[in-house]
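Novice: With the input below, show me the fold.
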Amino acid sequence: MLRNTVTRVFLTAAGAALFAGIAAAQVKVAIVDSRQAVLSTAEIKKASADLEAKYKPRQAEMDRLRRDLDEIQQKLQAGADKLTPQASSELNAQGQRKQRDLQRLTQDLQEEVEAERQDILARTGQRLVGVVKKLAEERGMDVVVDAGTTLYFKPALDLTKDAVAEFDKAYPVK
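Specialist: Purely as a prediction, here's the structure:
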């Protein structure tokens, strides 16, 4: 009986010492603002410029249609007394066609740009995760937390700029 008590005390003391050692070990934590990091990469900046250049002709077409619509509206207002019913009807029909064309172009453009934008952001986001993992391993970090889900952190824990620099080095813009 005394032997069981001594064994229990010994095991309890050993367990307490073990858990105290684990609890005393410091966890190294870093913070990355993944949204800011993705948007700050050279890849995203180039992709944004490329998207703008790619869709510039369609944007110009939409601007032309808007100007045409404004002209039709002005003609209708200025010639309200002078236009024949047939001329007024033709201008209205022409305006409706241009308005419909503009709406279709706008919707198509928005959908295409958004789909392409999401693909680019997803690809860059996945690459960033790999870069952050590598950076965390190199620096001996145990946990990396997204700044968007953190209420408070010391600026010294922020690896966002370093992650962007590593990303740009790992995936140079062509």
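Novice: Quick check: residue 99 touching residue 72?
Specialist: No. Assessed by C-beta atoms under 8 Å, residue 99 is found out of contact with residue 72, at 9.2 Å. For glycine as for every other residue, the C-beta is placed from the backbone atoms N, C-alpha and C.
Novice: More neighbours: the two, which one.
Specialist: More neighbours sit around residue 72 than around the other of residue 99 and residue 72, counting by other C-beta atoms under 10 Å; the figures are 20 against 15.
Novice: Relative to residue 131, how far out is that one?
Specialist: Distance from residue 72 to residue 131, counting by C-beta to C-beta, to the nearest Å: 53 Å.
Novice: swap in residue 60?
Specialist: Noted for residue 60: a distance of 37 Å to residue 131, by C-beta to C-beta.
Novice: So between the two, which is more surrounded?
Specialist: In this comparison of residue 60 against residue 131, neighbours counted by other C-beta under 10 Å, the higher total goes to residue 131 at 22 against 10.
Novice: so that one is in which element?
Specialist: In this structure, residue 131 is located in helix 85-138 according to DSSP states H and E.
Novice: next SSE after that helix?
Specialist: Elements were assigned by DSSP H and E; along the chain past helix 85-138, the next helix or strand is strand 143-146.
Novice: In that next one, which residues are buried?
Specialist: residue 144 (16 or more other C-beta atoms under 10 Å).
Novice: partners of it, with directions?
Specialist: strand 29-32 (parallel) (DSSP bridges).
Novice: and after the partner strand, which helix or strand comes next?
Specialist: Scanning forward in sequence from strand 29-32 by DSSP H and E, the next helix or strand is helix 34-40.
Novice: Which elements pack onto that next one?
Specialist: With contacts defined as 3 or more C-beta pairs under 8 Å, 6 or more residues apart in numbering; DSSP states H and E, the packing partners of helix 34-40 are helix 85-138, helix 160-170.
Novice: so how far is the longest one off the chain centroid?
Specialist: For helix 85-138, the gap between its own C-alpha mean and the chain's C-alpha mean amounts to 15 Å (C-alpha atoms, centre = their mean, to the nearest Å).
Novice: likewise the last one?
Specialist: Taking the mean C-alpha point of helix 160-170 and that of its whole chain, the gap between them comes to 16 Å (C-alpha atoms, centre = their mean).
Novice: Quick one: neighbours of the nearest residue to residue 140 once chain neighbours are set aside, just the number.
Specialist: Nearest-residue entry for residue 140: residue 28, 5.8 Å, with adjacent residues in sequence omitted and distances by C-beta to C-beta, 6 or more residues apart in numbering. Taking other C-beta under 10 Å as the criterion, the count of residues near residue 28 is 13.
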